[in-house]
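Student: Here's a sequence, model it:
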Amino acid sequence: MNFPRSITQRLRSSGSALELVFKGANALFVKLAGTAFSFAFIVLLSRGAGKSAAGNYFLALNITTVLATIARFGLDNAVTRSAALALRQEDRQTLKGILLSSLIFTLTISIVFALLLACFSDPVGRVFNNADLSPVLRLMAVSIVPVALYTICFQFLQGVGSTQSAVKLSTIWPQLASLIILAPTLYIMPANAGGIAYALGAFVALGIAYIYVSRHPLLQWKAVRPNFNQGSVFSMGKVLFVASLCELSMTWAPSILVGFMRSSGDVALFSVAQRITMLIGFFFISINMIAMPKIAALCADFDWRGVAHTVKRSSILMTAGALPLFILCVVCPRFLLRVFGDGFVDASSALIILAIGQMASVVTGPVASTLVMCGRERTYRNIQIIAGLFCLSSLTILTRAYGPNGAALAVAATNWLQKLLCAYFVWSRFSTDSRTVPSRTR
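Tutor: Presented below is the predicted three-dimensional model:
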């Protein structure tokens, strides 16, 4: 059989595919290590503090993550794209201006949100009819600031091509620091251990983010005066802010609605199933991080054939890597859930449904990122609005009727709707552009 040889020959003939394979594999290895720390954290918290305390942690985590995302005002992908284009032009003043202006803006908003959540944690606990939620919210409110800031740094590092540093910042250091802190904290105050460990881990990650950015080899910060005229970044952020709000409705709103309509135990069931299915997204996240700045550069050259080639290769690699994990989630859900405790086996159906929904991202490839990187952020925003409205309406109906399984069904259906719409607009729009704009090979 010449099948392996033919695969090797095809990879060698395509520099972009080879880059995606090797850089994606390196990012995947780091991502696996980070996820191992994250899963160890969840297992330790679930077994050490119980299902109810784990549910309060997940609910507080979702609320603080929503506020940290809003505080970034849609600057995530805007910073990545703008940094990639500025690096291509070797404009260090603009690079420094993009980072500092984004950090200053995010710092201001995140401090306001952290103070508001700390002050109103008791009323929020009463809304969820859960008095035990309030102290966890107060502890985790301080994490809004470091999470928002190190996420901006992560997006910036991704834009300037520091993939390994970006992956470590987003997946290794926060999880590892939180895990180390959690172990002794469980013996002192088990009910609030998750919140304390998460907040302190976020500050550790922020310190590491400062080291990565300040010591970047391509950026001599002391010798460069920043260009703060970054109106285009914030204009793009305004458009993407609406999209990020809709993304929140699909990612974090389900757990919040389950907690509001059901109980903290149901939140724990849904959240654990959701995090297991994130294993399927390993290859998607790793390869997508490599592909995003590359796609932005190809779009700047009007190389639509190069964009199509990169998206196709990425989706093939993502699907090939995720398929074994998808089969494991569908065939052995009870085995995977029993790791977190016998009480989590009830989430088997939700795990299977969420796994099917997660495959939408893998099969379609980086189509959502392609729209943003190629300047189609308004199209992406409109798709997110449609998907977000569909998600919220279906979540309200299905969660009330079927609990965690209904929430899983709403999330899976929304994910397929969103990714199919993105794929349609990517291929229809760029196939038209490729006929009207000459492709230039690099």
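Student: Other residues contacting stretch 382-392?
Tutor: 242-247, 249-250, 253-254, 368, 371, 410-411, 413-414, 417-418, 421-422, 425 (Cβ atoms under 8 Å, 6 or more residues apart in numbering). The way it works is simple: take the backbone N, C-alpha and C, and place the C-beta from them, glycine included.
Student: In helices only, show me these.
Tutor: Within these, residues falling in helices by DSSP state H are 242-247, 249-250, 253-254, 368, 371, 410-411, 413-414, 417-418, 421-422, 425.
Student: And the average pLDDT for the strand or helix carrying residue 398 is what?
Tutor: Applying DSSP states H and E as the criterion places residue 398 in helix 377-402. For helix 377-402, mean pLDDT rounds to 88.
Student: what's the answer for stretch 315-334, then?
Tutor: Across stretch 315-334, the average pLDDT comes to 87.
Student: Please apply the same query to stretch 418-426.
Tutor: 90.
Student: again with stretch 273-286
Tutor: Across stretch 273-286, pLDDT averages out at 78.
Student: what's the offset of that stretch from the middle of its chain?
Tutor: Going by Cα atoms, centre = their mean, to the nearest Å, the spacing between the C-alpha centre of stretch 273-286 and its chain's C-alpha centre is 10 Å.
Student: Offset the numbering so it begins at 49, please.
Tutor: Okay, residue one is now 49; in that scheme the one you just asked about reads as stretch 321-334.
Student: tell me which residues in that stretch are buried?
Tutor: Across stretch 321-334, burial judged by 16 or more other Cβ atoms under 10 Å covers 321-334.
Student: How many neighbouring residues does the spatially closest residue to residue 294 that is not a sequence neighbour have?
Tutor: Ranked by Cβ to Cβ, 6 or more residues apart in numbering and with sequence neighbours excluded, the top spatial neighbour of residue 294 is residue 436, at 3.0 Å. A count of nearby residues for residue 436, using other Cβ atoms under 10 Å, gives 21.
Student: ok, residue 436 to residue 227 distance?
Tutor: From residue 436 across to residue 227, the span is 33 Å (Cβ to Cβ, to the nearest Å).
Student: now swap in residue 135 and tell me
Tutor: In terms of Cβ to Cβ, residue 135 sits 34 Å off from residue 227.
Student: what's the answer for residue 193, then?
Tutor: 21 Å.
Student: again, but for residue 284
Tutor: Noted for residue 284: a distance of 36 Å to residue 227, by Cβ to Cβ.
Student: now residue 77
Tutor: From residue 77 to residue 227 the distance is 18 Å (Cβ to Cβ).
Student: got the contact list for residue 329?
Tutor: Residue 329 touches 370, 406, 409, 410, counting by Cβ under 8 Å, 6+ apart.
Student: Let's see that with 10 Å instead.
Tutor: 79, 83, 336, 366, 370, 373, 406, 407, 409, 410 (Cβ atoms under 10 Å, 6 or more residues apart in numbering).
Student: Please, which helix or strand holds the second one?
Tutor: With elements delineated by DSSP H and E, residue 83 resides in helix 63-97, which encompasses its position.
Student: For the following helix or strand past that helix, output the C-alpha coordinates as PDB.
Tutor: Later in the chain than helix 63-97, the nearest helix or strand by DSSP H and E is helix 99-119. What follows is helix 99-119, C-alpha atoms only, in PDB (Å, rounded to 0.1, in the frame of the first residue of the first chain):
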ATOM      1  CA  LYS A  99     -21.600  17.900  43.400                       C
ATOM      2  CA  SER A 100     -23.400  20.900  45.000                       C
ATOM      3  CA  ALA A 101     -20.200  22.900  45.600                       C
ATOM      4  CA  ALA A 102     -18.900  22.000  42.200                       C
ATOM      5  CA  GLY A 103     -22.200  23.300  40.700                       C
ATOM      6  CA  ASN A 104     -21.800  26.600  42.600                       C
ATOM      7  CA  TYR A 105     -18.300  26.900  41.200                       C
ATOM      8  CA  PHE A 106     -19.400  26.300  37.600                       C
ATOM      9  CA  LEU A 107     -22.300  28.700  38.000                       C
ATOM     10  CA  ALA A 108     -20.000  31.500  39.400                       C
ATOM     11  CA  LEU A 109     -17.400  30.700  36.700                       C
ATOM     12  CA  ASN A 110     -20.000  31.200  34.000                       C
ATOM     13  CA  ILE A 111     -21.100  34.500  35.400                       C
ATOM     14  CA  THR A 112     -17.600  35.900  35.800                       C
ATOM     15  CA  THR A 113     -16.600  34.600  32.400                       C
ATOM     16  CA  VAL A 114     -19.500  36.400  30.800                       C
ATOM     17  CA  LEU A 115     -18.500  39.700  32.500                       C
ATOM     18  CA  ALA A 116     -14.900  39.300  31.500                       C
ATOM     19  CA  THR A 117     -15.900  38.700  27.900                       C
ATOM     20  CA  ILE A 118     -18.100  41.800  27.900                       C
ATOM     21  CA  ALA A 119     -15.300  43.800  29.400                       C
END
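Student: The very next helix or strand once past helix 99-119 packs against which elements?
Tutor: Scanning forward in sequence from helix 99-119 by DSSP H and E, the next helix or strand is helix 123-136. Where contact means 3 or more Cβ pairs under 10 Å, 6 or more residues apart in numbering; DSSP states H and E, helix 123-136 is packed against helix 140-167, helix 192-207, helix 279-299, helix 330-348, helix 415-421, helix 425-450.
Student: between the fourth one and helix 123-136, what angle do the directions make?
Tutor: Put simply, helix 330-348 runs at 50 degrees to helix 123-136, going by axes from the mean of the first three to the mean of the last three Cα atoms, to 10 degrees.
Student: For the helix or strand just after helix 330-348, enumerate the helices and strands it packs against.
Tutor: Per DSSP H and E, the first helix or strand lying C-terminal to helix 330-348 is helix 352-379. Under the contact criterion of 3+ Cβ pairs under 10 Å, 6+ apart, helix 352-379 touches helix 63-97, helix 312-325, helix 330-348, helix 381-386, helix 396-412, helix 415-421, helix 452-484.
Student: run the last query once more with 7 Å
Tutor: Applying 3 or more Cβ pairs under 7 Å, 6 or more residues apart in numbering; DSSP states H and E, one finds that helix 352-379 contacts helix 63-97, helix 330-348, helix 396-412, helix 415-421, helix 452-484.
Student: a markdown table for these, including distance to residue 210?
Tutor: Listed next are the helices and strands packed on helix 352-379 as a markdown table, based on distance: least, Cβ to Cβ, whole Å:
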| stretch | distance to residue 210 |
| --- | --- |
| helix 63-97 | 11 |
| helix 330-348 | 10 |
| helix 396-412 | 24 |
| helix 415-421 | 17 |
| helix 452-484 | 26 |
